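Q: Build the 3D model from these lines:
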Amino acid sequence: MELQALIFDVDGTLADTERDGHRVAFNAAFAEAGLDYWHWSVELYGQLLAITGGKERIRHFIETCQPPLPAEEDLTALIARLHQAKTRHYTALLAQGGIPLRPGVKRLLQEARAAGIRLAIATTTTPENVTALLERALPESLSWFEVIAAGDIVPAKKPAPDIYCYTLERMGLDPQECLAFEDSENGLRSARQAGVPTVVTVNDYTRDQDFSGAALVLDHLGEPDLPFQVLAGRAGSHSYFSLELARQVHAQAIHSEVEN
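A: Numbering: from 1, shown residues only. From the prediction side, this is the model:
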């Protein structure tokens, strides 16, 4: 099958949003709610990233760390209120322009669009967060994505395959006609359970995770003057991720699955 579409995760994949974006926004939301004793350090947030979804992450923190809770407030309502405030703080941070796209992302999107390759997003972050990031980092790109599958649009979040299954259904594509881009083990598992070959670009939080089953693992997508490092898989003579390499990686992945 020929490559028809590229499907991107957002946080950690399009941009390094976690440590200096979402984590900071969570802490701001906690402080605003008078929960100053709730503070997610860089190390603690790295552990919490094993849980996908912001509301789910807050609930997991409450259940495992058992911080003092405000009196007389329903837990689900509290989590929803904190998450809503966190989204507001996060979009404000993005508006300040402090979170650029990762190396190679803009170039690959532009190259794919020019070649008629379809584009989509499959993420557990909220639609508001996706919009805020793209509007600041690459405003014209919002119209490039045929499907933006985000947030609570499916009941089970990554590593469940639901968000990818939803995206594929909306696009009317076979999973083997697509190539996914993720940064985490949970994201890889989600895409692979849906049958989509996957390229992983690691970050500081995910570098040591298990990426067995990825078609290619890189430190980033690279640029002509900023070569990537191949951590697993084969990139041939390529030093940055182009549409040509995308087609090669996709073809290798499909061939490997047929053989197995």
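
Q: and the nearest residue to Gly236 once chain neighbours are set aside, backbone torsions?
A: Nearest residue to Gly236 in three dimensions, chain neighbours excluded: Gln248, at 6.8 Å (CB to CB, 6 or more residues apart in numbering). Where C-beta positions appear, they are placed from N, C-alpha and C, glycine not excepted. With angles defined as degrees, to the nearest 10, Gln248 sits at phi -70, psi -50.

Q: Same check on Leu218?
A: Dihedral angles (degrees, to the nearest 10) for Leu218: phi -130, psi 160.

Q: Secondary structure class of the closest residue to it other than its chain neighbours, three-state.
A: The shortest distance from Leu218 to any residue other than its chain neighbours is 4.6 Å, reached at Phe228 (CB to CB, 6+ apart). Following DSSP: H, G, I helix; E, B strand; the rest coil, the label given to Phe228 is coil.

Q: do the same with the one 4 residues further on
A: Classification of Ala232 using three-state DSSP returns strand.

Q: neighbours around the residue nearest to it when sequence neighbours are not counted, how many?
A: Excluding the flanking residues, the one nearest Ala232 by CB to CB, 6+ apart is Val217, at 3.9 Å. The burial count assigned to Val217 is 20, neighbours taken as other CB atoms under 10 Å.

Q: Would you agree Val217 is in contact with Thr206?
A: No. Contact criterion CB atoms under 8 Å: Val217 and Thr206 do not qualify, at 10.2 Å.

Q: what's in contact with stretch 102-120?
A: With contact meaning CB atoms under 8 Å, 6 or more residues apart in numbering, stretch 102-120 is reached by 3-8, 13-16, 137-138, 141, 144-149, 167, 170-171, 173, 201, 220-223, 226, 228, 240-243, 246.

Q: Quick one, which of these are buried?
A: Those of the contacts of stretch 102-120 that meet the buried threshold are 3-8, 13-16, 137-138, 141, 144-145, 147-149, 167, 171, 173, 201, 220-222, 228, 240-243, 246, by 16 or more other CB atoms under 10 Å.

Q: quick one: buried residues of the helix or strand encompassing Tyr90?
A: Under the criterion DSSP states H and E, the helix or strand holding Tyr90 is helix 75-95. For helix 75-95, a neighbour-count test (16+ other CB under 10 Å) marks 78-79, 82-83, 85-87, 89-91, 93-94 as buried.

Q: pLDDT at the spatially closest residue to Asp11 that is not a sequence neighbour, what is it?
A: What sits nearest to Asp11 in space, not counting adjacent residues and going by CB to CB, 6+ apart, is Thr17, at 4.7 Å. Per-residue pLDDT puts Thr17 at 91.

Q: Repeat that for Leu69.
A: For Leu69, the model assigns a pLDDT of 88.

Q: what's the answer for Leu35, then?
A: For Leu35, the model assigns a pLDDT of 93.

Q: ditto for the one 3 residues further on
A: Looking at Trp38, its pLDDT reads 94.

Q: For it, list the residues it contacts.
A: Trp38 sits next to 27, 30, 61, 67 when contact means CB under 8 Å, 6+ apart.

Q: tell me how far the ends of stretch 88-106 are from each other?
A: For stretch 88-106, the separation between the terminal residues is 25 Å (CA to CA, to the nearest Å).

Q: isn't Arg59 right up against Ile79?
A: Yes. Using CB under 8 Å, Arg59 is in contact with Ile79, at 5.7 Å.

Q: what's the domain layout of the chain?
A: 5-16+100-259, 18-95 (automatic domain parsing).

Q: From Glu182, how far off is the residue nearest to Gly236?
A: The gap separating Gln248 from Glu182 is 19 Å, by CB to CB, to the nearest Å.

Q: Please apply the same query to Thr126.
A: Taken as CB to CB, the span from Thr126 to Glu182 is 18 Å.
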